[in-house]
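S.K.: with the sequence up front, the predicted model follows.
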Amino acid sequence: LFATQNPSGVYGGRKPLSRAFRNRFVEIHMGDIPSDELVTILEKRSGCPPSHAKVLVKIMTSLRQRRSKSGVFLGKDGLITPRDLLRWAERRAGSKTELAEEGFMLLGERLRGVSERELVRTEI
């Protein structure tokens, strides 16, 4: 049997599992995917050009750093995740301008405040 769960408290609606239930499993905690591996995943899974994959990972890293400083991406659905990058890469942008437009449509649509959207627009 194999099971996964996002950490409780980080994602909306996740509650800690009871100790009795957790004792039935061997827990393995996984860290973030290293940037170079994430670039390779984007290239192979979505057919994203290497130059675009590197830009996507760089933007994700930068937005995560800004999030930790400003709290912009806090909240239930606010984190930029590898899943967001896969969705972004699968949109098959032909140029860097299209890549930026697609990224803003993907990430900016979840932001409520104008200042938050402007921050993402500037970063992308």
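M.R.: Nice, I can see it. Residues are numbered from 1 along each chain as shown.
S.K.: so who does the most centrally placed residue in the chain touch?
M.R.: Geometric centre of the chain, nearest residue: Thr81, 1.2 Å, by C-alpha atoms, centre = their mean. Listed by C-beta atoms under 8 Å, 6 or more residues apart in numbering, Thr81 has no contact partners. All C-beta spots, glycine's among them, are computed from the backbone N, C-alpha and C.
S.K.: separation between it and Val120?
M.R.: Separation of Thr81 from Val120 (C-beta to C-beta, to the nearest Å) stands at 15 Å.
S.K.: what strand or helix carries the spatially most distant residue from the centre of the chain?
M.R.: Centroid-distance maximum for the chain: Ala20 at 31.9 Å, with C-alpha atoms, centre = their mean. Assigned by DSSP states H and E, Ala20 belongs to helix 19-22.
S.K.: measure the residue nearest to the centre of the chain to Pro34 for me?
M.R.: Thr81 is 15 Å from Pro34, by C-beta to C-beta.
S.K.: now swap in Arg121 and tell me
M.R.: Distance from Arg121 to Pro34, by C-beta to C-beta: 28 Å.
S.K.: who has more neighbours out of these two?
M.R.: Neighbours per residue (other C-beta atoms under 10 Å) separate Arg121 from Pro34, with Arg121 holding more: 14 against 10.
S.K.: what number of residues lie near the nearest residue to that one once chain neighbours are set aside?
M.R.: Nearest non-adjacent residue to Arg121, counting by C-beta to C-beta, 6 or more residues apart in numbering: Phe104, 5.9 Å away. Counted with other C-beta under 10 Å, residues neighbouring Phe104 total 16.
S.K.: alright, I will stop here.
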